[in-house]
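K.L.:
Predicted model and sequence follow; I will ask about them next.
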Amino acid sequence: MGEESIVAKTSLIQAIRGMNDILPDEIPVWQYLESILQALMRAYAYQEIRTPILEETALFKRSVGEITDIVEKEMYTFLDRNGDSLSLRPEGTASCMRACLEHGLVYHQVQRLWYVGPMFRHERPQKGRYRQFYQFTAECLGVAEPSIDVELILLTSRLWKHLGLSSCLEFQLNSLGLLPERENYKKVLVTYFSSRLSELDEDSQRRLKTNPLRILDSKNPEMQSCIAGAPVLSDHLGEVSQAHFHQVKTLLDKAGVAYRVNPRLVRGLDYYSHTVFEWVTTQLGAQGTVCAGGRYDSLAQQLGGMAVPGVGFSMGLERIIALLISEGLYLVSPQVDVYLLYQGGAAVEEALLLAETIHNRLPELRLLRDGSGGKLTHQFKRADKSGAVLALILGEQESRDKTITIKFLRQDKPQITLAQDKLIYFLEEQSWKIS
């Protein structure tokens, strides 16, 4: 009796809920957006920084705040083999500031920095809200004056114009003042909401004891009339905070940036002070915030460093991409210019070497060599599906004659056959049709 191989039937392992694969046909729009963001950063002389996705949990407890929803309910936290508490980063600003303090980048220096990468929050997945999501962030550390707040706002405004999204977005602005002013305001809020306790949902009743500012950010439609009647923070700001906010608004007016002061605009992270802002849209349902930011002058001290003023913004790439697609502002373009087909034993090696010659001579040309060979009819289907403009055919006859047959896939022109040593010249002449 021969040996039998028994393979246990197992279920297919799938991605974790709320953590999505970005497939090859989706990648071009990501690359398009990221290339525009990087070009914008170069224009404003911001430099890239990269930090780990894992940090000590204490970093986020100190910066984001122990009684925020993020730390209490949303962080992915675990003990490593040494018993140290580590967390996947729920946002990037704390890591960026930690790195700058650790490496001495902010002492008597100004740093304009940017980064992009995945963040992690254990939230209920829904459209526009994921457990792993990609954020692009720009930060300026070391400048206290309001003009840098406005520089970052103008930077985002320029991005929307470049992407064609300006008409889809509203810019909202507020001031959170200084920490002592917020602490006094929280007492006023607690008194107000305590008098209307029956109108608060369970989550807001919990926040009343921990973080009453966050009640203002509730999306519960049944609570909006109660929230609308709440005292506003602007009535409790001191002269310094009022002057900072006034200067921000004055500069925005002079720069021609339209804004709406939203007295209910608060941020979910404890380190913010003075200016806070959001770009919001009605095109994405409940997840309408596309970009959010503000000033965080006390963050460095919360992390054990000297006082370092800072301001920045973060934007969710998934939401911007969804907006681009919903508005028809990104059209998928072919990723291949020329498709190389081959058939016959000798042609395999020749096609590989010919492809390398083309890559050497025309490095910008997007050439795809068919990877499986097989029937030419099947290869032609793959060539057509790739979006290529030209098909290069290397069959047995061409292999013997040292020629190449060229088929025009997007033009009504007869195919031609050239000597292989004339191919590069031909492709150079055709480049205006390929680009």
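P.N.:
Noted; the coordinates are in hand. What you see is a predicted model; the values in this text were computed from it and never measured.
K.L.:
so residue 255 makes contact with residue 154?
P.N.:
Yes. Between residue 255 and residue 154 there is a contact under Cβ atoms under 8 Å: 5.9 Å. Just so you know, the C-beta spots here come from the backbone N, C-alpha and C atoms, and that holds for glycine as well.
K.L.:
anything in contact with each of the two?
P.N.:
Common neighbours of residue 255 and residue 154 are not found (criterion: Cβ atoms under 8 Å, 6 or more residues apart in numbering).
K.L.:
The two: who's more crowded?
P.N.:
Comparing residue 255 with residue 154 by other Cβ atoms under 10 Å, the one with more neighbours is residue 154, at 17 against 12.
K.L.:
That one is in what secondary structure piece?
P.N.:
Per DSSP states H and E, residue 154 falls inside helix 146-163.
K.L.:
ditto for residue 264
P.N.:
For residue 264, there is no enclosing helix or strand under DSSP H and E.
K.L.:
What residues of stretch 305-324 count as buried?
P.N.:
305, 308-324 (16 or more other Cβ atoms under 10 Å).
K.L.:
Just the pLDDT at the nearest residue to residue 205 once chain neighbours are set aside, thanks.
P.N.:
Nearest residue to residue 205, sequence neighbours excluded (Cβ to Cβ, 6 or more residues apart in numbering): residue 197, at 6.8 Å. The confidence metric pLDDT takes the value 89 at residue 197.
K.L.:
Next up, phi/psi of residue 197, please.
P.N.:
phi -60, psi -40 (degrees, to the nearest 10).
K.L.:
Could you double-check that it sits in contact with residue 204?
P.N.:
No. Contact criterion Cβ under 8 Å: residue 197 and residue 204 do not qualify, at 9.4 Å.
K.L.:
more crowded one of these two?
P.N.:
residue 204 (21 against 11).
K.L.:
I'd like the distance between the more buried one and residue 214.
P.N.:
From residue 204 across to residue 214, the span is 8 Å (Cβ to Cβ, to the nearest Å).
K.L.:
Then residue 148?
P.N.:
As for residue 148, its distance to residue 214 is 27 Å (criterion: Cβ to Cβ).
K.L.:
now residue 64
P.N.:
For residue 64, the distance to residue 214 - Cβ to Cβ - is 12 Å.
K.L.:
same thing with residue 306?
P.N.:
For residue 306, the distance to residue 214 - Cβ to Cβ - is 29 Å.
K.L.:
Over to residue 300?
P.N.:
In terms of Cβ to Cβ, residue 300 sits 24 Å off from residue 214.
K.L.:
Please enumerate the helices of the stretch 51-200 of the chain.
P.N.:
Secondary structure of the stretch 51-200 of the chain (DSSP state H, counting those that start in this stretch): helices at 57-60, 69, 93-102, 146-163, 179-194.
K.L.:
Quick check: can you list the domain ranges of the chain?
P.N.:
27-178+238-326, 338-434 (automatic domain parsing).
K.L.:
can you put those domains in JSON lines and add mean pLDDT and distance to residue 13?
P.N.:
Formatted as JSON lines, the domains of the chain follow (pLDDT from 0 to 100; distance: least, Cβ to Cβ, whole Å):
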{"stretch": "domain 27-178+238-326", "mean pLDDT": "93", "distance to residue 13": "17"}
{"stretch": "domain 338-434", "mean pLDDT": "91", "distance to residue 13": "26"}
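K.L.:
want to throw those into JSON lines with distance to residue 210?
P.N.:
JSON lines is the format used below for those (distance: least, Cβ to Cβ, whole Å):
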{"stretch": "domain 27-178+238-326", "distance to residue 210": "4"}
{"stretch": "domain 338-434", "distance to residue 210": "54"}
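K.L.:
closest to residue 222 out of these?
P.N.:
Nearest to residue 222, of all the domains of the chain, is domain 27-178+238-326, at 15.2 Å by Cβ to Cβ.
K.L.:
centre of the chain versus that closest one, how much separation?
P.N.:
11 Å (Cα atoms, centre = their mean, to the nearest Å).
K.L.:
Between the two ends of that domain, what distance do you get?
P.N.:
End-to-end distance for domain 27-178+238-326: 17 Å, by Cα to Cα, to the nearest Å.
K.L.:
before we move on, what about stretch 194-208?
P.N.:
Terminal residues of stretch 194-208 lie 8 Å apart, using Cα to Cα.
K.L.:
Equivalent analysis for stretch 366-376, please.
P.N.:
Distance between the boundary residues of stretch 366-376 (Cα to Cα) amounts to 21 Å.
K.L.:
Of all the residues in that stretch, which ones are buried?
P.N.:
366, 367, 368, 369, 370, 373, 376.
K.L.:
Give me the subset of the residues you listed lying in strands.
P.N.:
Among the buried residues of stretch 366-376, DSSP state E puts 367, 368, 369 in strands.
K.L.:
Can you verify my assumption that the second one contacts residue 386?
P.N.:
Yes. Counting by Cβ under 8 Å, a contact exists between residue 368 and residue 386, whose distance comes to 5.9 Å.
K.L.:
got any residues that touch both of those two?
P.N.:
With Cβ under 8 Å, 6+ apart, residue 368 and residue 386 have common neighbours 336, 339.
K.L.:
Can you report how many residues neighbour the closest residue to residue 263 other than its chain neighbours?
P.N.:
Closest residue to residue 263 apart from its sequence neighbours, by Cβ to Cβ, 6+ apart: residue 232 at 4.1 Å. By other Cβ under 10 Å, the residues close to residue 232 number 14.
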